[in-house]
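# starting from these lines, generate the structure:
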Amino acid sequence: MKNMFLKILVNKIFFLLNNLILWRLLPIVKLWEAKLFFDTASFRAYKRGQLRWFDNERLLNDLIKKSINKYKSDLFIDVGANFGMHSFEIREKFNDIKIYAFEPNKFLVSIMKKTIRRTQKQIKIINVALGNKNENSTLHLNYFSTGFSSINNYENLNISLPIKVQKLDTFNFYKNFSNIGIKVDIEGFEANFLKGAKNTLQYVNWIIIELDNSKLIYSESSVEKCVALLKENNFDVKQIDYTAQTFSLKNTNIYSKETHDYYAFKNVT
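As a prediction, this is how the structure comes out:
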């Protein structure tokens with residue numbers, strides 16, 4: 001018991017050092033085209049050359065850009081924005097599109113705000129989680145990488161933050177925008193997000209969404225159920241496969257326990 005207490009204490013001290021002090025000392029980085037600040041774990045991975053995750057995210061960002069061009073998107077919603085890599089990259093490429101970045105983790109919100117102050121690249125940051133209810137909840141924080149924090153606490157973490165959860169429909173984006181694109185990466189809370197976005201989905205042309213059965217089970221959902229919900233809203237859904245230099249879209253009815261990104265899109269004439 002004593003050893004467990006000491007381990008938890010050391011982890012909490014490490015977490016607080018990373019998220020209250022050390023990230024403020026990091027330099028701004030040009031990741032792809034945009035300059036932005038990182039959280040400490042991502043910065044360490046970047047400097048060590050652990051670039052596979054960044055390579056996949058770059059390919060995903062290429063798909064976001066292609067989708068914005070194809071559908072002439074007037075609004076990009078970044079759900080689970082992390083430190084803003086996709087939002088700031090899209091702002092660097094597209095001047096006119098409106099960008100809303102939803103991130104419940106206040107530490108990551110602070111990083112995005114610092115990037116805005118330094119670069120003057122404007123995105124709208126909203127410090128809430130998106131789900132199927134308007135309620136107060138808890139975000140469980142990963143010690144080493146804030147991007148893997150979760151509401152469902154599938155990793156049994158013991159550092160947490162009180163947060164607000166709101167339905168996407170609460171924001172009434174569909175009253176002002178008609179060509180909406182969305183990226184969703186919220187660690188197993190995706191089914192809740194989709195249920196709270198039913199009205200908005202009518203005006204969404206494309207969604208890139210990360211789905212993982214081993215995380216969705218904590219919301220009593222699955223990849224199959226999320227895909228079925230998307231299809232009910234007139235989306236075609238394909239799995240995104242990444243290679244070293246590009247990505248491909250494939251049909252699949254087999255959903256493994258591994259994490260995969262999915263591309264849901266509507267056909268346009």
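
# and the closest residue to G188 other than its chain neighbours, what element?
Once flanking residues are discounted, G188 sits nearest to K215: 2.9 Å by CB to CB, 6 or more residues apart in numbering. Placement of C-beta: from N, CA and C, glycine included. Using DSSP states H and E, K215 sits in helix 213-216.

# next helix or strand past that helix?
helix 223-232.

# for that following helix, buried residues please.
V223, K225, C226, V227, L229, L230 (16 or more other CB atoms under 10 Å).

# give me the contacts around it.
Contact partners of helix 223-232, identified using CB atoms under 8 Å, 6 or more residues apart in numbering, comprise 190-191, 194-195, 207, 209, 211-213, 216, 237, 255, 260, 262, 264.

# switch to 6 Å and redo it
Applying CB atoms under 6 Å, 6 or more residues apart in numbering, the set of residues contacting helix 223-232 from outside is E190, A191, L194, L211, N213, V237, Y255, A264.

# so the fifth one makes contact with S222?
Yes: using CB atoms under 6 Å, N213 and S222 qualify as a contacting pair, with a distance of 5.5 Å.

# tell me, how many neighbours does the residue lying closest to D212 once chain neighbours are set aside end up with?
Distances taken as CB to CB, 6+ apart place T259 nearest to D212, at 4.1 Å, with adjacent residues excluded. T259: 15 surrounding residues under other CB atoms under 10 Å.

# and the one 4 residues further on, by the same measure?
A count of neighbours around Y263, defined by other CB under 10 Å, yields 20.

# try G84
Neighbours of G84 (other CB under 10 Å): 29.

# again with S221
21.

# bridged to the closest residue to N153 other than its chain neighbours, which residues?
In space, and not counting its chain neighbours, N153 is closest to H140: 4.1 Å by CB to CB, 6+ apart. Note on H140: beta-bridge partners S150, S160, judged by DSSP bridges.

# so H140 touches S160, yeah?
Yes: contact criterion CB under 6 Å: H140 and S160 qualify, at 5.0 Å.

# quick one: which of these two has more around it?
Higher neighbour count among H140 and S160: H140, with 19 against 14, using other CB under 10 Å.

# quick one, what contacts that one?
S150, N153, L157, S160.

# I figured the first one hits F189, correct?
This means S150. No: S150 is not in contact with F189 according to CB under 6 Å; the separation is 7.1 Å.

# these two: which has the busier surroundings?
F189 (27 against 20).

# ok, now how distant is the more buried one from S137?
Relative to S137, F189 is positioned 10 Å away (CB to CB, to the nearest Å).

# what residues are shared contacts of those two?
Contacts common to F189 and S137, judged by CB under 6 Å, 6+ apart, are I151.

# show me the contact partners of stretch 90-98.
E33, A34, K65, L75, F76, I99, K121, I123.

# so where is this protein shaky, pLDDT-wise?
Residues of the chain meeting the criterion pLDDT under 70: 1-21, 143-147, 244, 254-258, 268-269.

# hey, where'd the strands end up in it?
Counting by DSSP state E, the chain has strands at residues 29-30, 35-36, 75-79, 98-102, 124-126, 129-130, 135-140, 160-166, 180-184, 204-211, 236-242, 247-250, 260-265.

# buried residues in the fourth one?
Using 16+ other CB under 10 Å as the test for burial, strand 98-102 gives K98, I99, Y100, A101, F102.
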